[in-house]
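> Prediction below, plus the sequence it came from.
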Amino acid sequence: MAPPAKTFTREEVRNHTSDDSLWCIIDSTVYDLTEFVDAHPGGESVLKQIAGQDATSAFYNLHRHEVLSRYADLAIGTVQGEKPEVITPQPGDLSPVPYAEPLWLTPHFKSPYFKESHHKLRHAVRVFTEEVIKPEALECEATGRYISQEVIDKMSQAGILHMRLGPGKHLHGVNMLNGAVKGEEFDYFHDLVACQEMCRPMMRGFQDGNMAGMTIGLTAVLNFAKDQAWKTKIANEVFSGKKKLCLAITEAFAGSDVAGLRTTAEKTPDGKHYIVNGTKKWITNGVFCDYFVVGVRTGKALSVLLIERGPGVETKPIKTSYSPAAGTAYITFDNVKVPVENLLGEENKGIHVILSNFNHERWVMACGSLAAQRFIVEECLKWSNQRIVFGKRLIDQPVIRQKLAKMIALVESNQAWLETITYQMCNMPYKQQAQHLAGPIGLLKMSITRGAHEIADESVQIWGGRGLTQSGMGKYIEHFNRTYKFDAILGGAEEILGDLGVRQAVKNFPKAML
Ligand code: HEM
């Protein structure tokens, strides 16, 4: 909101220093703080000290720019002949801060990978994220409530729910974000753009609460359901946002080691149903889902069933270090009767169903974690540039520049690797992807989550106490430091994925000797 059109001279502002009239200037705007003094969260005395003065540096040393838009009604005009210097970003804007955007979005840099439609989609998703998703994310993260049906409906109408599964036939004919990209043209670079843009609210619990379950679970139905009409029914219900679906594989008994699952499914004597018994743990979105894509033991091997919420299915929230908005659940199945038609893929060949989406799931997590790291780099660059300590900006200290250099290098190198792998995904048929990319994607995710560890650590050191505080200037640093580990565990632990990468590399090792 622009300040009122009235103008004042600096001389006039200097006359308002009493309890009856206390003004100050921040970035050429004049604020009347008389009534606000008592309510100021930072106390009265600090405002009295800057009465009548230009408080721009003092303000930015202690507050985020967004505070000014929250209190815009305190502005009474501007200083005659002066214009604001601080940039107020508009929805969809690219950040002008160095390294705040990937190189393909940086002026003068070229990329062989991104076309006009990727740029269009980037802009459209960023606007949607800022206008629709971010306000919801902030509220859900603060209150712990689950995503609202209203926001789910808006995402469905904009084609975002379809988009979250990556490229494929399910996108054909879907109007995405008012024609930003055609479903038929949507490739893994569009997918990358959407994944990275949708992380921008930087609310990690909500990010998973925002339909992560369907992203990793619905593909099993699309690719392995046998009955076409049944598949279409489930897909329509989920893509329209009317029903929620999640993937339920991990158990207290087995995390990354899926072969150790203990939930059982036994066929009834008439062969028409399975009776499912067991438990599932850490199931993202489980608390509010209607459908569960469940890994079960059928005899000695694994199978995958779609189980509908009903008698015998119970979900309880699990408290994790991110917000309850993710809907993380402990699930119990007690004598749940499931029609045999709900089998996905072949009986006892469920491992193929489970593995089939791992590459995409891990790649999605890699995209998201890296986008969050870049956001943290931007926060650190801005903070180091505006924070004055020992009479200098933080960035004037070599030790801080070293930390920033390390953080930038980690993000840029991982983004370059991510784009190279994405290019392979665009150019390899599914079978080749499964054969050649599981190892590289495992190594990529490991590298990115290791980078997150370094970046979380260095950023807290740069921000000091504010990096440990849940409100105020360093709130994103605190949040990132508390939640970055999710990406190092979910979808396969860092160590397991690194090991997968090396094992795949040595599988067909040539007779090459030293
Ligand atoms: C338009 C003017 C101002 C508004 C609307 C405002 C608002 C706020 C708000 C909302 C907070 C809570 C923390 C946050 O959300 O960032 C805060 C904290 C604070 N403010 Fe202000 N403020 C203003 C000007 C100033 C000025 C000029 C100073 C100092 C000279 C100041 C000193 C402080 C201090 C010391 C804190 C506590 C910071 C911390 O806990 O780290 N404020 N202010």
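Nice, I can see it. Numbering: from 1, shown residues only.

> Helix, strand or coil: sort out residue 292 for me.
Secondary structure for residue 292, judged by DSSP: H, G, I helix; E, B strand; the rest coil, is strand.

> Check it and give its pLDDT.
Note for residue 292: predicted pLDDT of 98.

> which stretches of the stretch 351-500 of the chain aren't confidently modelled?
Filtered on pLDDT under 70, the stretch 351-500 of the chain yields no residues whatsoever.

> from it, which residue is nearest to the ligand?
Per C-beta to the nearest ligand atom, residue 472 is where the stretch 351-500 of the chain lies closest to the ligand, at 4.1 Å. Yep, even glycine has a C-beta here, placed from its N, CA and C like the rest.

> do the chain as well
As assessed by C-beta to the nearest ligand atom, the ligand sits closest to residue 42 within the chain, at 2.3 Å.

> Residue 141 contacts residue 208, correct?
No. In this structure, residue 141 is not within contact of residue 208 by C-beta atoms under 8 Å, at 11.1 Å.

> Show me what the helix or strand containing residue 276 is packed up against.
Using DSSP states H and E, residue 276 sits in strand 273-283. The contact analysis (3 or more C-beta pairs under 8 Å, 6 or more residues apart in numbering; DSSP states H and E) places strand 273-283 against strand 245-248, strand 264-267, strand 291-298, strand 301-308, strand 329-339.

> contacts for the following helix or strand past the last one?
Using DSSP H and E, the helix or strand that directly follows strand 329-339 along the chain is strand 343-344. Outside strand 343-344, the residues within contact range by C-beta atoms under 8 Å, 6 or more residues apart in numbering are 220-221, 224-226, 274, 293, 303-306, 350, 353.

> Please identify, among those, the one with the most neighbours.
residue 304 (30 neighbours; other C-beta atoms under 10 Å).

> Quick check: pLDDT value at that residue.
Listed pLDDT for residue 304 reads 98.

> Columns distance to residue 160 on top of the helices and strands packed on strand 273-283, output as TSV?
TSV is the format used below for these (distance: least, C-beta to C-beta, whole Å):
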stretch	distance to residue 160
strand 245-248	16
strand 264-267	34
strand 291-298	19
strand 301-308	23
strand 329-339	23
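
> Of the ones you listed, which stretch is the most buried?
Per-stretch averages of neighbours, counted by mean count of other C-beta atoms under 10 Å, single out strand 245-248 among the helices and strands packed on strand 273-283, with a mean of 29.

> That strand pairs with which strands, and in what direction?
strand 291-298 (parallel) (DSSP bridges).

> Now for residue 58: which residues touch it?
By C-beta under 8 Å, 6+ apart, the contact set of residue 58 is 46, 50.

> repeat that with 10 Å
Neighbouring residues of residue 58 by C-beta atoms under 10 Å, 6 or more residues apart in numbering: 24, 26, 46, 47, 49, 50, 388.

> Residue 66: which of those residues is nearest?
residue 26 (13.2 Å; C-beta to C-beta).

> Wait, the closest one touches residue 76, no?
No. Residue 26 is beyond contact range of residue 76, at 12.0 Å (criterion: C-beta atoms under 10 Å).

> tell me which parts of this structure are close to the ligand?
24, 26, 31, 33, 40-42, 46-47, 50, 55, 58-59, 62-64, 67, 71, 74, 471-472 (C-beta under 6 Å from any ligand atom).

> what do you get if the cut-off is 5 Å, keeping everything else the same?
Applying C-beta under 5 Å from any ligand atom, we find that the chain lies next to the ligand at 31, 41-42, 46, 50, 55, 58-59, 62-63, 67, 71, 472.

> got a winner among those residues for most neighbours?
In terms of neighbours by other C-beta under 10 Å, these top out with residue 31 at 24 neighbours.

> any idea of the pLDDT on that one?
Per-residue pLDDT puts residue 31 at 98.

> Just say helix, strand or coil for it.
Residue 31 ends up strand, using three-state DSSP.

> Going forward, count from 16.
Sure, I'll start counting at 16 from here, so that last one is residue 46.

> contacting residues for the closest residue to it other than its chain neighbours?
Counting by C-beta to C-beta, 6 or more residues apart in numbering, residue 89 is the residue found nearest to residue 46 once chain neighbours are left out, at 4.7 Å. Residues in contact with residue 89 (C-beta under 10 Å, 6+ apart) are 18, 38-39, 41, 44-51, 83.

> Would you mind checking these for buried ones?
18, 38, 39, 41, 44, 45, 46, 47, 48, 49, 83 (16 or more other C-beta atoms under 10 Å).

> domain parsing for this structure?
Per automatic domain parsing, the domain ranges recorded for the chain read 22-94, 131-225, 258-369, 374-522.

> Report the central residue of the protein.
Among the residues of the chain, residue 214 comes closest to the average C-alpha position under C-alpha atoms, centre = their mean, at 3.2 Å.

> What's the per-residue pLDDT of that one here?
97.

> Likewise for the one 5 residues further on?
Listed pLDDT for residue 219 reads 97.

> Go ahead and confirm it touches residue 493.
No. Checked against C-beta under 10 Å, the pair residue 219 and residue 493 is beyond contact range at 11.5 Å.
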